[in-house]
Each structure stands twice: as structure tokens, then as C-alpha cells.
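# this one's sequence-less:
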């Protein structure tokens, strides 16, 4: 059922788009939320949970939960900060780097599929509108 509520419409569209990206990324073994975190990490520089949360525009607890899943998959390594023992740092593992490499073309294909579905110009306009929020 269609709604006049912007939030409801955006949430519905988000679920559909997320499902499309998740399906495309399945061969890489990650979903779009996990890939978004991996893409914000560098294979040479560790980030704290706070830094990653800020970069991903997510709450710290959400990032912590998702990073634990990535750690169990062997994609990131969590270690103590050399500067502050109360802080943990997150670093991509070699397997995480490989997963990023594998997921790149899959993500590109999902991007193209979305653009084909709504049109390239509409996709660009939508991205511009969303960045304004």
C-alpha cells in the first residue's frame, strides 16, 4: 500500500534496494551494511569504533555489533589501541581486503542494475536529493 508519509516511503524503498544489493553481494559473503563498514576501513590504518561510527554515520553500539560479526568472519581484526588501552582499533585482515576486492565488481553491477531500473538521470537526482537531507 502506498503512503503519503515520506519516512514510510523511504523506508520501504530502502528495504527493497538493500535486498537487491544483498543479493548481488552474496557471492562475496557480505551484505551491503557490512560492505559499507569494510569500505570505510583501510588495510593499512586502524580506526577506533568511534571513528568508524562517525565515518559511517551510525551509532557506536551498531558499529560494535556489526564489527563483531565481521571479526567472526575473519574480515577485520580488533585490537587494543597503542595510545589508549580503553579504546579498541579495527583493521582489515588480508581476507577483508580480498573480500573488498571481490565485492567491488558485484557492487558495481548492483549500482548499474539500480540505474537501469530507475534511469541514470533519476538515480543521480535521487542521490543529490538524499545528500541534501
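Yes, it's here. This structure is a prediction, so every number in the text was calculated from the model and none was measured.

# show me where this structure has strands.
Secondary structure of the chain by DSSP state E: the strands cover 47-48, 76-80, 88-92.

# okay, those strands in a markdown table with mean pLDDT next?
Output for these, formatted as a markdown table (pLDDT from 0 to 100):
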| stretch | mean pLDDT |
| --- | --- |
| strand 47-48 | 90 |
| strand 76-80 | 89 |
| strand 88-92 | 91 |
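
# could those strands go into TSV alongside distance to residue 128 and mean neighbour count?
Quick note: C-beta positions are derived from backbone N, CA and C, even for glycine. Shown next, in TSV, are the strands of the chain (distance: least, Cβ to Cβ, whole Å; neighbours: other Cβ atoms under 10 Å):
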stretch	distance to residue 128	mean neighbour count
strand 47-48	28	20
strand 76-80	32	16
strand 88-92	31	20
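
# okay if I get these as CSV plus distance to residue 41?
As requested, those are arranged in CSV below (distance: least, Cβ to Cβ, whole Å):
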stretch, distance to residue 41
strand 47-48, 6
strand 76-80, 7
strand 88-92, 5
